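Trainee: Take a look and give me a structure for this.
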Amino acid sequence: MAVLVARQEAPNALTWQSWSSKEDRAVAKRRVLRFFVILFAIFVTVAVIGAIAGGVLMLRGPFVPEHATLLLRVGGTLVETPPSDVLGQVTGGRRAPTVRSYVDALQRAKTDSRITSVLVMPTHLDLPYWGKVQELRDAIVDFKQSGKHINAYLEDGGDREYYLATACDRIFLVPSSTLDVKGLASYAVFLRGTLDKIGATADFEKIAEYKTAPNQLTERGYTPAHREMDDSLNRDMFEQLVRGIAEARRKRVEDVRALVDQGPFLPDAALRAGLVDALAYEDQLDDMGAVNKGATVEGEDYARGRLRPRVGRLPRVAVIYISGLIASGQGGFDPLNGDVAGSKVLVDAIRSARADASVRAIVLRIDSPGGSTTATDVVWRELSITRDQKPGRPLVASMSDLAASGGYYLAIAAPQIVAQPATLTGSIGIFGGKIVTGGTYTKLGATIESISIGRNAEIESPVRPFNDSEREKLREELRTFYQQFVAKVAASRKMPVARVEELARGRVWTGQQAKANGLVDALGGLDQAIALAKKGAGIGPGTEVEVVNYPPRKTLFELIAQRLSGTNGSIDTPVDLRMLAALLDAGDRRALGLLTAPMRIFRKGEPLALMPVSFLR
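Mentor: Residues are numbered from 1 along each chain as shown. Below you'll find the model as predicted:
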């Protein structure tokens, strides 16, 4: 019996041990889950407390002493919208001040009795273009109407920094800093030789001769049309720079041209030439009357402040931001190009603005080189519906650095278009194609074979160029879109189609050239566009308005949910390209990004309304 009992007890012991092990694992899992839930709750709580504290501080505003000098440190890459990520939310967007935040700070300081002067401190403006610099320069000129002093302090005396500084009353240069004003140079990268070395071929079709974006993959150097266009852009921007310096420094234009040929300037030479007013270090500025000693406020702090709430509701104007490459879907962020504007996000934003009965007018703020033809057309359609809605609301387009190709396609949905003189726009054209890598695989000893059904099933084959049938299909698609593009420009700008054809053909224009050609209506910035929108809506020029920005910035909880779900909106970019991008400045990074965008961001073989890679230094 004892033996039998022992045999009966053994299974019971084993069963209990198995049950105990499962119970332990379940408990352990619950503990781990509880730990992460608590950790997440702590993170959210801290973030919420931070947001509430930030909100309270914003309502209270910064401490601004009487008779204060506002210090505006302008540098880095100027962006149109604040960073839409978790860190950006927690820090209140302080990592990347926007163009608008600087303009708003100057506009507030203009009427703020506590601010008696402003010191602008431009440092390393990492920008490939000039439109945003002109936007800030306009804001400085506007501030001077207040009668308050605004001075500039240059530790970094580059061309963009100096051009911005010339709008100020006086310019102070660090005694050891070179004033790097020496003219403008335009650069284009051609990769045909590189592709030849690796056995690859760029097989592209385009409309027309000035649509030079694919040239940088198919050519070894400038074509005559490409050179003509870049030379025209360079000369026009150079004249804008020279005229701006001449007017601000009270010199003759021809004298400034001669001075530029002598640059760059050592500090003493810049002073003798009358390009700067004094050589000084920052700590000496108070003795020179440029800073109120002991009474300063930093621009970042001042920008977070708010004036006392107004009584009554103001008329509302919606500003819809279209920033970056235009692609189908949600868009996101690309480490090389920056923002990618998704058609779905933009359509939702346009519909929201249209549905808001309190919105009296709508302004498009465009900073885009274009992108997908399909995505662009989808957004254009939504803008056209908004424009034609009854009762109608004014729709005005405002161009930043870029509103070219697909960016211009969106702008023509608006009856009125405003651009900076240096904005790059136009580029009415299209291209499409593929990179043939069959030779590369052959060099590596690899063989690719295919099986397909359908005459044009292999139109996107990476192994061989287009055959005659496939090429004709591509050309037909490009011709159709180009004709639609030209027809829409003609209807919007009230021009004969033949005249649009003369201005189109893929050619890029500066905003100043586009104004002379009738492609835009007025020169100026976002404030000019808002003024036109107010006028169209019957809002008096002196009446304040509430500006409502679209698309709305994602909340902290939305961003956290995206992170947890793995859909953070980032564009997939190879690690080697990201590492290379980290070593480049903004212009070179943008060039690399646009050159590789057709292979990384857009659907394979998708026709693109995208401007060529062109930037000035």
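Trainee: Give me the residue ranges of the stretch 151-300 of the chain where confidence is low.
Mentor: Counting by pLDDT under 70, the stretch 151-300 of the chain has no low-confidence residues at all.
Trainee: what about residue 71, which SS state?
Mentor: When states are read from DSSP: H, G, I helix; E, B strand; the rest coil, the local structure at residue 71 comes out as strand.
Trainee: Show me what it is bridged to.
Mentor: In this structure, residue 71 has beta-bridge partners residue 119, residue 298, where bridges are defined by DSSP bridges.
Trainee: I'd say it and residue 296 touch.
Mentor: Yes: if you go by C-beta atoms under 8 Å, residue 71 and residue 296 touch, sitting 5.5 Å apart. (Each C-beta comes from the backbone N, C-alpha and C, glycine too.)
Trainee: Of those two, which one has the most company?
Mentor: More neighbours sit around residue 71 than around the other of residue 71 and residue 296, counting by other C-beta atoms under 10 Å; the figures are 19 against 16.
Trainee: Can you read off the pLDDT for the more buried one?
Mentor: Residue 71 carries a pLDDT value of 97.
Trainee: any chance you could map the helices in the stretch 51-200 of the chain?
Mentor: For the stretch 51-200 of the chain, helices defined by DSSP state H, counting those that start in this stretch occupy the ranges 86-90, 99-111, 131-143, 159-165, 192-197.
Trainee: and among the ones you listed, the most buried is which?
Mentor: Among those, helix 159-165 has the highest mean neighbour count (mean count of other C-beta atoms under 10 Å), at a mean of 24.
Trainee: what's downstream of the helix or strand residue 321 falls within, the next helix or strand?
Mentor: Secondary structure assigned from DSSP states H and E places residue 321 in strand 316-323. Tracing the chain past strand 316-323, the next element assigned as helix or strand by DSSP H and E is strand 325-327.
Trainee: Alpha carbons of the helix or strand following that next one, as CSV, please.
Mentor: The helix or strand immediately downstream of strand 325-327 is strand 331-334, counting by DSSP H and E. Below are the C-alpha coordinates for strand 331-334, written out as CSV (Å, rounded to 0.1, in the frame of the first residue of the first chain):
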residue,chain,number,x,y,z
GLY,A,331,3.6,62.1,-45.5
GLY,A,332,6.1,62.3,-42.7
PHE,A,333,9.7,63.3,-42.2
ASP,A,334,12.7,62.6,-44.4
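Trainee: which regions of the stretch 501-617 of the chain lie under the pLDDT threshold?
Mentor: Using pLDDT under 70, the stretch 501-617 of the chain drops low at 554-595, 599, 613-617.
Trainee: ok, which stretches of it are helices?
Mentor: Counting by DSSP H, counting those that start in this stretch, the stretch 501-617 of the chain has these helices, from start to end: 511-517, 526-536, 556-565, 575-582, 586-600.
Trainee: quick one, domains of this structure?
Mentor: If the domains of the chain are taken from automatic domain parsing, they occupy 31-60, 62-182+263-304, 316-430+467-581, with pieces of a single domain joined by a plus sign.
Trainee: Redo those domains as a markdown table? Include distance to residue 244.
Mentor: Supplementary listing: the domains of the chain in a markdown table, determined by distance: least, C-beta to C-beta, whole Å:
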| stretch | distance to residue 244 |
| --- | --- |
| domain 31-60 | 35 |
| domain 62-182+263-304 | 6 |
| domain 316-430+467-581 | 9 |
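Trainee: now for the ones you listed, which one comes closest to residue 226?
Mentor: domain 316-430+467-581 (9.9 Å; C-beta to C-beta).
Trainee: And residue 276, how far from residue 138?
Mentor: 22 Å (C-beta to C-beta, to the nearest Å).
Trainee: mind checking how far residue 401 is from residue 211?
Mentor: According to C-beta to C-beta, residue 401 stands 20 Å off from residue 211.
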